[in-house]
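In: Next one to model:
(2 chains)
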Amino acid sequence: GESVGLHLPTLSVQEGDNSIINCAYSNSASDYFIWYKQESGKGPQFIIDIRSNMDKRQGQRVTVLLNKTVKHLSLQIAATQPGDSAVYFCAEREGAQKLVFGQGTRLTINP
Amino acid sequence: EAQVTQNPRYLITVTGKKLTVTCSQNMNHEYMSWYRQDPGLGLRQIYYSMNVEVTDKGDVPEGYKVSRKEKRNFPLILESPSPNQTSLYFCASSSLRDRVSEKLFFGSGTQLSVL
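Out: Residues are numbered from 1 along each chain as shown, chains lettered A, B, ... in the order given. Presented below is the predicted three-dimensional model:
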């Protein structure tokens, strides 16, 4: 079946730098995408979402980019802080009722 | 505070002993779902519910049951747990927009160990 995947399982960045987390998806019919953040011992927390009729959406310190041509999704975090350390998941909506999650990327912030 | 509450947080049990993991949300969401999270496999959907008395299988429903008698509650039942059901379980809920699930709100998780 089709699945959502990530290019890198781990990412280390310096505090204050920008982080970019990538995600590839294979279902061209997907119309909605979400990024989640999961801190140790907690459930996934919604960060930002984007619909397929958009190619960019900005939140507070985060930006999601969607490139439907190459089926690629990215999450950009500006001025990374220690509290950004977590596992980040992308997810695509498959049909009306199910989100398919990627494997996750662990983001580590170096002081 | 808007939240999804799961109980218990941790559970150790033995093979074959029936158990229930409770889930409750206070956001009046129509949609609720259960996921399990395993290393290397990510989050996989077990069951979901579009509304009261409406439930359907996800990707890995074998060995699990659910019920949705009330809008706020969506318990996960393991009638006869087996060691391969050792996992981290998450309940989630969302509102529906034109019958389509929007962003999910997750509980804090239940770590289940079946010996």
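In: can we go C-alpha only for contacts and neighbour counts from here?
Out: Noted.
In: residues contacting residue B:19?
Out: Counting by C-alpha atoms under 8 Å, 6 or more residues apart in numbering or on different chains, residue B:19 touches B:77-81.
In: Could you give the number of residues near residue A:48?
Out: Other residues near residue A:48 come to 20 when the count uses other C-alpha atoms under 10 Å in any protein chain shown.
In: Quickly find the element holding it.
Out: Under DSSP states H and E, the secondary-structure element containing residue A:48 is strand A:45-51.
In: Could I get the CA-only coordinates of that strand as PDB?
Out: Once side chains and other backbone atoms are set aside, the C-alpha atoms of strand A:45-51 remain, and they are given as PDB (Å, rounded to 0.1, in the frame of the first residue of the first chain):
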ATOM      1  CA  GLN A  45       1.000  17.300  19.400                       C
ATOM      2  CA  PHE A  46      -0.400  19.100  16.400                       C
ATOM      3  CA  ILE A  47       2.000  21.700  14.900                       C
ATOM      4  CA  ILE A  48       0.600  22.800  11.600                       C
ATOM      5  CA  ASP A  49      -1.500  21.500   8.700                       C
ATOM      6  CA  ILE A  50      -1.800  22.300   5.000                       C
ATOM      7  CA  ARG A  51      -4.300  21.400   2.300                       C
END
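In: Who are the packing partners of that strand?
Out: Contact here means 3 or more C-alpha pairs under 8 Å, 6 or more residues apart in numbering or on different chains; DSSP states H and E; on that basis strand A:45-51 packs against strand A:32-38, strand A:56-58, strand A:62-67, strand B:105-106.
In: again, only this time at 10 Å
Out: When contacts are defined as 3 or more C-alpha pairs under 10 Å, 6 or more residues apart in numbering or on different chains; DSSP states H and E, strand A:45-51 sits against strand A:32-38, strand A:56-58, strand A:62-67, strand A:72-77, strand A:86-94, strand B:105-106.
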